[in-house]
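In: Need the 3D shape of this:
(one chain, ligands or ions: 1)
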Amino acid sequence: LFGFQADARLAADMPVIKARLFANENPFGPSEKAKKAITEAINDSYMYPFMDLQKFIAIIAKEEGVTADHILLGAGSSEILMASAYLYGMHGGSVLSADPSYSYLMETAGTYGATWEKVALTKDYAHDLEAMEKKVNEKTSLVYICNPNNPTGTIVPAAKLASFCEVVSKKKPVFVDEAYIDYVDNPKKQSMMEAVRKGQNVIVARTFSKVHGFAGLRIGYVVALPETIKQIKKYGGGGMNICATSIKAALASYTDTEYVNYAIKKNAESKEFLYKVLKEEGYEYIPSYANFVMFPLKMDGKKFREEMMKRGVGIRNWEFSNQQWCRVSIGTMEQMQLFAEAFKQLS
Ligand code: PLP
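Out: Residues are numbered from 1 along each chain as shown. Below you'll find the predicted structure:
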């Protein structure tokens with residue numbers, strides 16, 4: 001089981017979930033404006049939402065400074081990650097990524113015949129771009145970078161990643177998954193959209209599932225060179241899988257900066273609380289730029305997850321760098337208090 005499949009399994013295993021902190025969702029979303037748009041869209045939902053899809057593409061294009069043919073919509077970014085996995089995995093070859101990272105694209109490409117070339121993180125648990133660059137070879141079909149990285153929450157500095165993209169994209173396409181970019185300071189500066197604008201073969205993925213709180217509404221997109229978009233689109237994406245209600249909600253939420261800022265502020269408050277709890281209990285953690293935090297455990301990860309689950313708190317466990325880890329998503333303050341209560345019983 002990988003990616004959201006593992007999250008789904010956790011949900012199924014939990015009869016009573018008091019604090020759902022295993023899937024990096026935004027517990028406050030969707031916004032009031034998005035909910036209003038959904039309600040209003042219901043009556044019109046006998047119609048295919050062609051016009052709204054076009055409208056949404058035009059708005060993103062304007063915001064990102066590209067033309068509409070640089071954009072591919074999906075029912076969640078997963079639809080496009082999957083199409084990309086097929087495009088870049090079906091002829092064998094390898095997909096290169098950090099390890100651990102968000103495994104969905106690489107695992108899916110594996111089912112189509114590609115191998116997964118893993119590069120260990122640095123000692124600070126961030127992408128090791130130098131090591132990754134050295135690993136690019138004729139077998140590589142795609143390079144995947146998750147920034148901020150899931151599950152570690154680390155980022156690579158924009159300038160460093162920009163020069164990596166510039167050099168590597170001349171040899172192989174670089175897929176930059178920016179699912180959590182809204183949580184970093186100055187996302188525009190941190191984003192690799194500029195590489196696409198410069199004509200580099202870089203694919204930037206975004207999702208509404210995180211800061212916009214749309215995980216159940218399923219909206220995402222990629223921005224890439226028109227020729228790359230054409231290739232990916234053969235295997236998925238394009239908007240026909242997006243509901244009229246969801247696209248209307250996305251149109252309402254895209255410009256709702258007040259709500260986005262609120263969600264970011266709430267996330268920061270809960271994260272500070274979590275850091276404090278971890279410190280008080282004598283635990284270290286990886287400083288996170290996203291809506292989840294990874295910290296090393298002092299007990300078996302699976303046992304920890306099961307014990308937390310018994311207490312109604314869902315988290316994910318990992319094992320890497322010879323260490324057991326917990327990844328806890330940032331929830332509401334009440335949910336974080338439930339996490340803290342359960343955690344203190346086990347720490
Ligand atoms: N990319 C990253 C890094 C993720 O963590 C996730 C989900 O957690 C996704 C993509 C998939 O998101 P969605 O299909 O909801 O857009």
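
In: for the chain, what helix or strand is lowest in average pLDDT?
Out: Scoring the helices and strands of the chain by mean pLDDT, DSSP states H and E places helix 4-13 at the bottom, with a mean of 67.

In: The closest residue to residue 93 other than its chain neighbours: what's it in contact with?
Out: Once flanking residues are discounted, residue 93 sits nearest to residue 141: 3.6 Å by C-beta to C-beta, 6 or more residues apart in numbering. C-beta here means a position set from N, CA and C on the backbone, and glycine is covered the same way. Counting by C-beta atoms under 8 Å, 6 or more residues apart in numbering, residue 141 makes contact with 88-89, 91-95, 109, 114, 172-173.

In: and residue 141, that's in a strand?
Out: Yes: the assignment for residue 141 (DSSP: H, G, I helix; E, B strand; the rest coil) places it in a strand.

In: Could you pull out the helices in the stretch 201-347 of the chain for me?
Out: According to DSSP state H, counting those that start in this stretch, the stretch 201-347 of the chain carries its helices in the segments 226-233, 244-254, 257-280, 301-310, 333-346.

In: and what of the stretch 1-150 of the chain?
Out: 4-13, 32-42, 50-64, 77-89, 104-111, 129-135.

In: Out of these, which is the most enclosed?
Out: Most buried of the helices of the stretch 1-150 of the chain, by mean neighbour count (mean count of other C-beta atoms under 10 Å): helix 77-89, with a mean of 25.

In: now it: mean pLDDT?
Out: Helix 77-89 carries an average pLDDT of 98.

In: name the helices or strands packed onto it?
Out: With contacts taken as 3 or more C-beta pairs under 8 Å, 6 or more residues apart in numbering; DSSP states H and E, helix 77-89 sits against strand 71-74, strand 94-99, helix 104-111, strand 140-146, strand 174-177, strand 202-207, strand 220-223, helix 226-233.

In: In a markdown table: these, plus distance to the ligand and mean pLDDT.
Out: Formatted as a markdown table, the helices and strands packed on helix 77-89 follow (distance: least, C-beta to the nearest ligand atom, whole Å; pLDDT from 0 to 100):
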| stretch | distance to the ligand | mean pLDDT |
| --- | --- | --- |
| strand 71-74 | 8 | 98 |
| strand 94-99 | 11 | 98 |
| helix 104-111 | 6 | 97 |
| strand 140-146 | 5 | 98 |
| strand 174-177 | 5 | 98 |
| strand 202-207 | 3 | 98 |
| strand 220-223 | 4 | 98 |
| helix 226-233 | 15 | 98 |
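
In: Which one of those lies nearest to residue 269?
Out: Distance to residue 269, taken as C-beta to C-beta, is lowest for strand 202-207 among the helices and strands packed on helix 77-89, at 22.8 Å.

In: The closest one vs strand 140-146, what angle?
Out: If you take axes from the mean of the first three to the mean of the last three C-alpha atoms, to 10 degrees, strand 202-207 sits at 40 degrees to strand 140-146.

In: if we can go back for a sec, make JSON lines from the helices of the stretch 201-347 of the chain and add mean neighbour count to it.
Out: As requested, the helices of the stretch 201-347 of the chain are exported to JSON lines (neighbours: other C-beta atoms under 10 Å):
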{"stretch": "helix 226-233", "mean neighbour count": "17"}
{"stretch": "helix 244-254", "mean neighbour count": "23"}
{"stretch": "helix 257-280", "mean neighbour count": "16"}
{"stretch": "helix 301-310", "mean neighbour count": "17"}
{"stretch": "helix 333-346", "mean neighbour count": "18"}
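
In: mind checking which of the ones you listed is nearest residue 52?
Out: Nearest of the helices of the stretch 201-347 of the chain (C-beta to C-beta): helix 244-254, 4.5 Å.

In: Just checking the distance from the closest one to the centre of its chain.
Out: In terms of C-alpha atoms, centre = their mean, to the nearest Å, the centre of helix 244-254 is found 19 Å from the chain centre.

In: So which elements touch that helix?
Out: Helix 244-254 packs on helix 32-42, helix 50-64, going by 3+ C-beta pairs under 8 Å, 6+ apart.

In: Noted, bye for now.
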